[in-house]
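In: only the shape, not the letters, is given here:
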């Protein structure tokens with residue numbers, strides 16, 4: 001049973017996440033010899049204040065972009 005875990009910074013709409021789940025499911029189905037009902041996709045959303053690149057959180061990057 002393929003299990004795909006995707007971690008995203010919070011902020012996408014439910015429709016965007018649903019579309020991504022569908023596309024990931026289809027990619028696994030095309031490339032792995034398995035049944036559709038055996039594919040698992042888990043999406044984890046992380047608050048933008050809890051995800052950093054270097055020493056800058058995504059929320060800080062967002063604020064910097066907004067003020068530029």
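Out: Received the coordinates, thanks. The structure displayed is predicted, hence computed values, not measured ones.
In: now do the strands in this protein.
Out: Along the chain, counting by DSSP state E, strands occupy 3-9, 40-46, 52-53, 56-57.
In: for residue 3, name its beta-bridge partners.
Out: residue 40 (DSSP bridges).
In: okay, which residue is most central for this protein?
Out: The structure's the chain has its C-alpha centroid closest to residue 8; by CA atoms, centre = their mean the separation is 3.8 Å.
In: contacts only, for it.
Out: Residue 8 sits next to 17, 43, 44, 45, 46 when contact means CB atoms under 8 Å, 6 or more residues apart in numbering. Glycine gets a C-beta too; all of them are placed from N, C-alpha and C.
In: widest-spaced pair of the residues you listed?
Out: Greatest spatial distance among those (CB to CB): 17 and 46, at 13.3 Å.
In: more neighbours, these two?
Out: Neighbour count, other CB atoms under 10 Å: between residue 17 and residue 46, residue 17 has more, with 15 against 12.
In: distance between the ends of stretch 32-50?
Out: Length of stretch 32-50, first residue to last, CA to CA, to the nearest Å: 33 Å.
In: go through that stretch and flag the buried ones.
Out: Of all the residues in stretch 32-50, those buried under the rule 16 or more other CB atoms under 10 Å are 39, 41, 48.
In: let me see the contact set for the second one.
Out: It refers to residue 41. 3, 4, 5, 6, 21, 24, 25.
In: which non-adjacent residue is nearest residue 7?
Out: residue 44 (4.7 Å; CB to CB, 6 or more residues apart in numbering).
In: ok, the one you found to residue 6 distance?
Out: Going from residue 44 to residue 6 by CB to CB, to the nearest Å gives 7 Å.
In: any idea how far the helix or strand bottoming out on mean pLDDT in the chain is from the middle of the chain?
Out: Here the helix or strand of the chain ranked lowest by mean pLDDT, DSSP states H and E is helix 58-67, holding a mean of 93. Offset of helix 58-67 from its chain centre (CA atoms, centre = their mean, to the nearest Å): 20 Å.
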